[in-house]
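Engineer: just coords:
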Ligand code: IVH
């Protein structure tokens with residue numbers, strides 16, 4: 001039983017620390033310093049450890065993060081999370097206003113209450129509170145289903161674990177309240193993390209949004225970056241219905257409950273007010289400590305919102321005005337070539353530091369040598385750079401008038417790391433043009449011989465030049481630079497999906513010398529016995545011995561299980577994991593399905609592979625090149641020896657009597673209520689359809705959603721069968737009841 005002093009202190013600390021977080025995030029006021037906060041939190045942690053029964057569900061100590069998880073559960077949103085229609089210019093915005101006035105049956109001069117909000121460049125989340133307690137946080141996902149990221153979100157101090165009913169207020173907290181908003185990483189946090197990464201020699205995070213998304217997806221809640229923040233901007237399910245009647249009302253209410261809302265939000269009544277806000281905010285947004293990429297204009301009144309309604313994707317009562325990317329002029333100082341996991345060699349430019357869209361930039365990407373040739377970029381040139389709101393800045397163009405003493409950038413003829421001679425790759429379209437010309441010439445020659453005449457000349461497309469280079473590659477699979485990158489790729493979520501073996505651990509093990517090949521990952525299993533014995537005695541070990549070469553045992557244990565499990569992922573994922581050029585998840589799945597096992601694929605001839613639908617000559621060349629050279633064969637043999645499953649169960653192609661999609665060529669167009677286009681394509685592929693992108697006489701069925709355009713017109717002209725969403729659903733249902741689900745058939749998707 002806890003003594004009353006401890007009990008009193010625990011309650012006091014819980015309340016005080018929650019109050020401090022709320023004051024900091026909601027009212028932008030610091031009540032205590034970070035250090036004091038941490039000291040008090042530690043005191044509370046110790047006390048709660050002594051009296052676990054006093055740890056309430058909203059205790060700030062629960063934010064430190066639970067145990068690592070295997071993966072994220074996908075959960076259907078109770079109400080869809082729609083996205084916002086974008087405009088980039090004022091004419092578009094005026095058109096949106098016209099539609100709003102028309103929809104509301106108003107005159108242009110009438111006033112419409114508006115809420116004018118900054119568009120935060122973060123990651124959308126839906127927070128579900130039941131009886132005031134945060135019980136679930138879902139990512140937006142495809143709008144219908146999102147990932148359950150509750151444990152990671154609970155570590156974010158800006159998000160209350162429990163809502164508070166303001167004193168003297170009549171507003172009660174609804175039993176169910178879903179608040180939607182944006183999780184973002186403040187610029188200062190982003191910069192701090194990147195500084196640490198730079199010091200550690202880790203790859204830098206591209207921008208705060210990617211960093212946020214990455215943090216929210218880590219499988220170990222303890223690793224979620226400290227310092228993520230949140231602004232509420234919408235709602236999902238609310239039960240029982242409340243008297244909240246407008247966006248302003250909603251924002252005030254959730255703020256009163258303890259959720260942060262953006263202090264920059266303004267109100268207006270006309271397009272003039274909206275434009276004023278857009279212009280003023282553009283002046284000040286770079287002074288804020290978070291990234292914004294536009295302004296969101298919302299009709300305030302919920303009744304008016306309802307009158308306006310939604311399209312299949314966007315609400316009609318809301319529009320985002322996106323700011324054009326900012327540009328700056330600077331001088332290009334040097335170009336370094338870096339090697340990626342497929343051996344692709346990419347240029348990284350260093351420039352004179354210049355202030356652009358809120359940060360000082362010094363590096364830009366130049367994509368590949370072809371891009372450098374096309375834009376005629378030299379070292380020493382004055383260049384225009386642009387931040388496309390996201391990613392690393394790009395070099396847009398050269399100010400040639402200012403060129404003096406500049407030096408051309410030489411093509412990387414050898415790998416900057418292992419010095420192997422590089423191989424050029426050309427733009428696919430141009431390469432295909434040439435290949436198709438060669439075929440035409442051959443055909444014409446044969447025809448001419450048959451008809452006993454001289455062959456007609458066919459205009460030859462211009463030869464491939466430096467400008468057509470799409471990449472230079474190092475083909476040495478043992479190149480140290482490629483090795484680390486390809487190991488990280490191999491273990492990734494969409495490839496072998498090895499739990500407990502994330503990027504950081506791969507780097508650590510690589511640096512310690514444990515990983516020199518894919519096979520070495522499986523050699524780690526030999527350490528199992530040793531590990532098991534250490535883990536068994538873990539409780540008795542002194543703290544510094546609770547690690548294995550610096551890696552926590554808890555983590556290592558998870559990793560061993562993950563590696564073991566990954567052995568049976570099957571051929572498609574192994575092929576996708578090898579990082580062979582042009583072999584992504586889809587090509588890997590097609591090849592695995594076609595051949596069933598690695599030996600059949602190895603024996604296949606290049607021409608035969610290129611005949612497979614969706615594969616084509618470039619992919620066929622790439623896979624045969626890999627499988628028929630010594631390095632590739634060595635890798636495959638090693639993985640075989642390690643006991644990996646290098647086959648895949650064939651997905652049954654349903655018979656025509658089981659599936660109305662079987663052997664049908666199908667084109668998908670427009671948008672649907674019940675599924676995304678990609679999702680629909682995957683479903684019907686599993687039901688035997690061949691999905692094609694253009695309508696022709698060979699098309700059997702066109703699946704047309706809302707706002708289907710030219711493809712639907714063409715289908716009608718050619719008299720092709722067209723199914724609307726209801727018909728599609730009916731047919732999907734009947735086919736699915738006759739066929740096993742794809743997940744039981746070794747599907748990658
Ligand atoms: S409202 C139904 N308000 O932008 C409309 N979204 O490009 C729901 N975003 O998915 C969104 N700031 O994640 C809204 N003030 C704001 C926003 C905002 C950023 C994000 C949101 C949305 C995306 C659409």
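Structural biologist: Yep, it's here. Small disclaimer: the values here were computed from a predicted structure and weren't measured. Numbers count the residues shown, from 1 in each chain.

Engineer: quick check: closest non-adjacent residue to the residue in the chain that the ligand sits nearest to.
Structural biologist: Closest to the ligand within the chain is residue 124: 3.1 Å, counting by Cβ to the nearest ligand atom. Backbone N, C-alpha and C define where each C-beta goes, glycine included. Distances taken as Cβ to Cβ, 6 or more residues apart in numbering place residue 140 nearest to residue 124, at 4.2 Å, with adjacent residues excluded.

Engineer: do residue 147 as well
Structural biologist: Nearest one to residue 147, counting by Cβ to Cβ, 6+ apart, is residue 72 at 3.9 Å.

Engineer: residue contacts, the one you found?
Structural biologist: Taking Cβ atoms under 8 Å, 6 or more residues apart in numbering, we find residue 72 in contact with 147-149, 217.

Engineer: and the strand or helix carrying residue 256, is it in reach of the ligand?
Structural biologist: Assigned by DSSP states H and E, residue 256 falls within helix 247-257. No. Using Cβ under 6 Å from any ligand atom, helix 247-257 stays clear of the ligand, coming no nearer than 9.1 Å.

Engineer: in this protein, where is pLDDT below threshold?
Structural biologist: Scanning the chain for pLDDT under 70 picks out 1-2, 64-71, 198-204, 220, 223, 225, 358, 388-392, 531-551, 739-749.

Engineer: what does it have sitting close to the ligand?
Structural biologist: Residues of the chain lying near the ligand (Cβ under 6 Å from any ligand atom): 82-84, 117, 119-120, 124, 140, 182, 233-234, 296, 315, 318, 320.

Engineer: from those, which land in strands?
Structural biologist: Secondary structure from DSSP state E places 117, 119-120, 124, 182, 233-234, 296, 318, 320 of the residues of the chain next to the ligand in strands.

Engineer: take those residues and lay them out in TSV including neighbour count.
Structural biologist: Output for these, formatted as TSV (neighbours: other Cβ atoms under 10 Å):
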residue	neighbour count
117	25
119	23
120	25
124	19
182	22
233	24
234	21
296	19
318	24
320	20
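
Engineer: and residue 731, how many neighbours?
Structural biologist: 18 (other Cβ atoms under 10 Å).

Engineer: gap between the strand or helix carrying residue 126 and the chain center?
Structural biologist: In this structure, residue 126 sits in strand 123-130 according to DSSP H and E. What separates the centre of strand 123-130 from the centre of its chain is 19 Å, taken as Cα atoms, centre = their mean, to the nearest Å.

Engineer: show me what that strand is packed against.
Structural biologist: The criterion is 3 or more Cβ pairs under 8 Å, 6 or more residues apart in numbering; DSSP states H and E, and the helices and strands that strand 123-130 contacts are strand 133-139, strand 176-184, helix 208-216, strand 229-239.

Engineer: residues of it that come out buried?
Structural biologist: 123-129 (16 or more other Cβ atoms under 10 Å).

Engineer: same check, this time on stretch 431-451
Structural biologist: So stretch 431-451, judged by 16+ other Cβ under 10 Å, has buried residues 431, 433-434.

Engineer: so which of the residues you listed belong to helices?
Structural biologist: With DSSP state H as the criterion, helices contain 431, 433-434 from among the buried residues of stretch 431-451.

Engineer: that older thread, out of the buried residues of strand 123-130, which is nearest to residue 696?
Structural biologist: The shortest gap between residue 696 and any of the buried residues of strand 123-130 belongs to residue 124, at 38.7 Å (Cβ to Cβ).

Engineer: and residue 23, what does it touch?
Structural biologist: With Cβ under 8 Å, 6+ apart, residue 23 has these contacts: 29-31.

Engineer: so after whichever helix or strand it is part of, what's the next helix or strand?
Structural biologist: In this structure, residue 23 is located in helix 4-27 according to DSSP H and E. Later in the chain than helix 4-27, the nearest helix or strand by DSSP H and E is helix 34-50.

Engineer: show me what the next helix or strand after that next one is in contact with.
Structural biologist: Next along the chain after helix 34-50, taking DSSP H and E as the criterion, comes strand 74-76. Contacts of strand 74-76 with the rest of the structure, by Cβ under 8 Å, 6+ apart, involve 136, 138, 141, 144-148.

Engineer: just say which of the helices and strands packed on strand 123-130 is most tucked in.
Structural biologist: strand 176-184 (a mean of 23; mean count of other Cβ atoms under 10 Å).

Engineer: name the residues of the next helix-or-strand element following that strand that are buried.
Structural biologist: Once the chain leaves strand 176-184, the next helix or strand it forms, by DSSP H and E, is helix 187-200. Buried residues in helix 187-200, counted by 16+ other Cβ under 10 Å: 187, 189-190, 193-194.

Engineer: could you name the helices and strands sitting against helix 187-200?
Structural biologist: helix 208-216.

Engineer: okay, the angle between the helix it packs on and strand 176-184?
Structural biologist: 130 degrees (axes from the mean of the first three to the mean of the last three Cα atoms, to 10 degrees).

Engineer: how far off centre is helix 208-216?
Structural biologist: 9 Å.

Engineer: repeat for stretch 5-14
Structural biologist: For stretch 5-14, the distance to the chain centre is 43 Å (Cα atoms, centre = their mean).

Engineer: residues making contact with that stretch?
Structural biologist: 2, 40, 43-44, 47-48, 50-51, 54, 56, 58-60.

Engineer: residues contacting the nearest residue to residue 584 once chain neighbours are set aside?
Structural biologist: In this structure, residue 584 finds its nearest non-sequential neighbour in residue 576, 6.3 Å apart by Cβ to Cβ, 6+ apart. Residue 576 makes contacts with 494-495, 583-585, 588-589, 748, as judged by Cβ under 8 Å, 6+ apart.

Engineer: which helix or which strand is home to residue 576?
Structural biologist: Counting by DSSP H and E, residue 576 is part of helix 571-577.

Engineer: so the residue in the chain sticking out farthest from the centre, which state does it fall into?
Structural biologist: In the chain, residue 452 marks the outermost C-alpha relative to the chain mean, sitting 59.6 Å out by Cα atoms, centre = their mean. Assigned with DSSP: H, G, I helix; E, B strand; the rest coil, residue 452 falls in the coil class.

Engineer: name the nearest residue to residue 299, ignoring sequence neighbours.
Structural biologist: residue 317 (4.1 Å).

Engineer: swap in residue 614?
Structural biologist: Here the residue nearest residue 614, using Cβ to Cβ, 6+ apart, is residue 590, at 5.5 Å.

Engineer: double-check that that neighbour belongs to a helix.
Structural biologist: Yes. Counting by three-state DSSP, residue 590 falls inside a helix.

Engineer: show me what contacts it?
Structural biologist: Contacts of residue 590 by Cβ under 8 Å, 6+ apart are 612-615.

Engineer: look up how far residue 572 lies from it.
Structural biologist: Between residue 590 and residue 572 the computed distance is 9 Å (Cβ to Cβ, to the nearest Å).

Engineer: which helices and strands sit right next to whatever helix or strand residue 444 lives in?
Structural biologist: Using DSSP H and E, residue 444 falls within helix 428-450. Helices and strands touching helix 428-450, by 3+ Cβ pairs under 8 Å, 6+ apart, are helix 616-628.

Engineer: what comes up buried for the helix it packs on?
Structural biologist: So, applying 16+ other Cβ under 10 Å, buried residues of helix 616-628: 616-620, 622-624, 626-627.

Engineer: quick one: contacts of it?
Structural biologist: Contacts for helix 616-628 (Cβ under 8 Å, 6+ apart): 428, 431, 435, 575, 578, 580-583, 587, 591, 601-602, 604-607, 609-610, 612, 632-633, 636.
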